[in-house]
Every structure is written in C-alpha cells, then in structure tokens.
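Visitor: The following comprises the amino acid sequence and a computationally predicted model.
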Amino acid sequence: MAYAFDFSSVLEYRDILLAGTGRTLLLTGIGAVAGLALGIVGAVCRAWKLAPFDRLFAVYVEFIRNTPFLVQLFFIFFGLPSLGIQLDEWQAAIIAVVINLGAYTTEIVRAGVEATPRGQIEAAQSLAMTRPQIFRHIVLPPALAKVWPAVCSQVVIVMLGTSVCSQIAAEELTFAANFIQSRNFRAFETYFAVTAIYFLLALFVRNALAYAGMQLLGRRTK
Amino acid sequence: MNKRTFLKSALAVSVLAASMGYAQADALSNAEKSGVLRIAVPQDFPPFGTVGPDLKPRGYDIDVANLIGRELKLKVELIPVSSTNRIPYLTTGKADLVISSLGKNPEREKVIDFSVAYAPFFNGVFGPADAPVKVAADTAGKVIGVTRGSVEDLEFSKVAPATANIKRFEDNNATISAYLSGQVQLIATGNVVAAAVNERTKIRRLDTKFLIKNSPCYVGVNKGEAALLAKVNEVLAKLKGNGELNQVSQRWLQAPLPATL
C-alpha cells in the first residue's frame, strides 16, 4: 500500500484521547441513568393515562423522536441564550442526551409496562397494595426485564450519538479526534484509532448494561 | 506554414517583444500617454472585491483603485483577476497595478515590488467594546471561541495563557453563533470575518482587542517601475492623511483604519 501509516503522531496526543474517552463515558453514564429515569416516568404516565402528563409526554416523545439530535443540541446551546437561559457546552450536552434518551426509553419501557398481564395488577389490588407499590413491585421489574435489551441498544446508540456534541465544542472523544487531526494532519490514523475506541466503548457499555440488568432485574433479562 | 500565418506570428512575436520592452520601460508614462491605468482587482473576495447587484465590481480594492486613478488623473480600467492569476497578470504586462488584497512575503518580493500598505488584513481577538483585553495575557480566565484548525487557532493557542478557556468550533459560523449567543466572551478570527459579522448584527459588535497575525494588503507593482511605485505611495499617503482611506475602511470593513497601517 502506498500510504505510510504513522500512529506515533496519534500516540503523542494520547492524553487528549483518554480525556475525551472519559468524558464520552461520563456523558453517556449520566445520560443513561437520568434518561432511563425520565423514560420510566414517561412510560407510566402514558401507559396508565395519568392526565395531563400522558398528553405532555406524548407531545414530548413525538417532538424529540422526529427531530435530529444535532438540531436539538444546537437549539439548547445556541438558541436558549436568546431566552436568557445560558448553559455551557456540558450542561447543554447532558440535557440534550437526557431529553433524547428519555423520549426513546419512554416508548420502550411503555411497551414493557403495557405487557404486564391485567390479572397481576388485579391480584396486587386485591392484596390492598397502593398504586405506587403496585408499580414499584409488580409492574416495573418485569417490564424493565422484558425490554432491557432494547434499552441497552438505545443507550449504545445515544453513546455513539454523543459524538455530535463536538459541534458545540464539548471536548469528548470525537472532539479529541477532530482536534488531533487538525494538529497532526493524520486524519486516517486518528479516526482509525477513534473508531477502535468507540467500538470498544460500545462493547463495554453493552456488556456493562447487560450485567447491571442481570444484577438488578434477575436472569429474566437474557 | 502559409504566408498569412507567418505574418501573424511574426506580428505576435514583435508585439510580445514590444510589450516586454514596455515592462522594462516606464509603465507610468505609458499610462499617462494612453490616459488609462489598468488595475487588477478581485471579484470573488468580499469585501475587497465582489460583483454588485448592478454587475459592476465593487469593494475595498475597487474603491482604492478608483481613488488612485482620480489622484493620478487617469481613467481606470478594472481587470478582474483571481487570487492565483493576479501576479501573472502584472508580470506579463496585462495590468499596471495589482490591488487585489495582496499580502507581502519573501517569495512574492522576489517577483514584484510592493507599495505601502493600503488595507488592514489580520487575525486577531475580537470582543465587545467594553471587554478590558489588550494583550494575549489578558485572556486569562476568559472563554474564547475559535474555529478549530484555523490559522488563528494555531497561532492563538501558542500565545494564550494557560487559564484561557479556548472553545474550538467546527466552522466560522459556529464560532460566530457562539459569540452572538454569549456562549463565549471573545473570539479569535480574521478582521474580514469580524467585518462581515458587524455588517449584519447590531447586538454584540466585534471590536478588535489585539492582533495575532498581521498581514496587511499592499499594491503590487512590477519590478523596476520606480516612478509608478513612488506615485502610488505618494497617493496612498495622501489618502491616509485626508481620511479618505479611512472612509473606505469604514465602508467595507466597518472599522477605522488601524493607526499602525
């Protein structure tokens, strides 16, 4: 091959790559936990038709799922300051990730909640359990267990999607790649390295979530 | 080869020889004889030279060309050129002057001569008028936006203090949006970009804080045209003195002419 690879020029910037990887993971972690929490709230509101929140969540879900993540991010970072809401690039990135993941997990978890057999809920009611108790003990664990693989996939998709946060100068992994590539002009090697890191990150996140699912929800997740 | 084409090529050769002779001789007296000064100007580089809605060239360089023509009492013939062919147009005698946002460097100085500077062209740090920033060290603790990988990014990163918070955006648009939306306090960019911003917005105007890399524009003149060069320098000095060049700068760059120019 005519192209001479030179990975040493990428290795020089390993601190930046490492910092970027860490921030991507952190962003994904915060986004996943808060986004899933938002999704669970949204799912129960929609599945149990808790007015007026069911309608609000319906609008929210449709709005977020039908607009690009990058545009949502720009809206928060460049748009909101006009309304006097000034968020720095990390606040904007975290909020965008949480809002985005929240919309998708609302629908994913709703599918699980709605799949709970009616008889189970009636059985719980006959035992005089309150609605929150029923949700917490009867509905949520099996619902989450049923949809856990879909949740894992969505988190991985969002993790890969955080790459666009580089556009608002949030210094995550893709930003690190762009930065390095603008300094050493070794685009191929740089993106090669970053692609490998993303791939490993995705594998790691998927397995970590699967493991967490097993620990929290039992063997049903597999 | 028939007789006619032979005559044509002989004519072409002699014209070529004659025009080469011109280049050696005096372009100024030549222009005075014909009453026309041929000036190469850009047509694709706003705000220095673009084609206006009336399909005529307009811009900073065109204004300067016309002012020089007026001072020399010569009719100006504008020759549109691109950034790659502007120097060949001069050296092959197709133009007497190049006023085409031309920067000076040693390679070019071997080929042509330069007048005194007539237009500011620089990368610098820009920000609101009230921001107390005068040198690179003043950016400590401030948030500065810059377009990643640009000349100003590379140069400013060298001189910026360690506590300066540099935010690197994908393109000039994002950098400018970040400034206009208040996400960054200052931006490092080119004066032409800053002028384009100031032309469109009144909310957060960009004032020059300090220069990062200065490369002002000069009028290009052929080697050995001492008389023409002296005349151009004299005219430029006069235009600076009477404030007319400052008006041109205000009109096209939305900023006064720097005192150091």
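Guide: Yes, it's here. Numbers count the residues shown, from 1 in each chain, chains lettered A, B, ... in the order given.

Visitor: Enumerate every residue touching whatever residue of chain A ends up closest to chain B.
Guide: With C-beta to the nearest C-beta, the shortest gap between chain A and chain B falls at residue A:182, namely 3.1 Å. For every residue, glycine as well, the C-beta is placed using N, CA and C. Neighbour list for residue A:182: B:148, B:149, B:153 [criterion: C-beta atoms under 8 Å, 6 or more residues apart in numbering or on different chains].

Visitor: quick one: which helix or strand includes it?
Guide: Per DSSP states H and E: residue A:182 is located in helix A:173-184.

Visitor: could you give the mean pLDDT of that helix?
Guide: Averaged across helix A:173-184, the pLDDT comes to 92.

Visitor: next one: stretch A:85-103
Guide: Throughout stretch A:85-103, pLDDT has a mean value of 96.

Visitor: Let me know whether it sits next to chain B.
Guide: Yes: contact of stretch A:85-103 with chain B (C-beta under 8 Å from any C-beta of the partner chain) involves A:86, A:88, A:89.

Visitor: Out of these, which sit inside helices?
Guide: Among the residues of stretch A:85-103 next to chain B, DSSP state H puts residue A:89 in helices.

Visitor: would you list the residues of stretch A:85-103 next to chain B in JSON lines and tack on neighbour count?
Guide: Converted to JSON lines, those look like this (neighbours: other C-beta atoms under 10 Å in any protein chain shown):
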{"residue": "A:86", "neighbour count": "13"}
{"residue": "A:88", "neighbour count": "15"}
{"residue": "A:89", "neighbour count": "24"}
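
Visitor: what's across from residue B:114 in the sheet?
Guide: Applying DSSP bridges to residue B:114 gives these bridge partners: residue B:220.

Visitor: Nearest residue to the residue nearest in space to the middle of chain B in space, please, no chain neighbours.
Guide: In chain B, the C-alpha nearest the mean C-alpha coordinate belongs to residue B:101, at 2.2 Å (C-alpha atoms, centre = their mean). In this structure, residue B:101 finds its nearest non-sequential neighbour in residue B:48, 4.3 Å apart by C-beta to C-beta, 6 or more residues apart in numbering or on different chains.

Visitor: and that neighbour, what is it in contact with?
Guide: Residue B:48 neighbours (C-beta under 8 Å, 6+ apart): B:42, B:59, B:60, B:61, B:100, B:101, B:119, B:192, B:217, B:252.

Visitor: Which one (most neighbours) among the residues you listed?
Guide: When neighbours are taken as other C-beta atoms under 10 Å in any protein chain shown, the top entry among the contacts of residue B:48 is residue B:61 (31 neighbours).

Visitor: tell me which element that one falls in.
Guide: Short version, using DSSP H and E: residue B:61 is in helix B:60-71.

Visitor: Please, where are all the helices along chain A?
Guide: A:8-11, A:14-47, A:53-65, A:69-74, A:89-114, A:118-126, A:131-133, A:140-161, A:173-184, A:187-217.

Visitor: I am finished for the moment; much appreciated.
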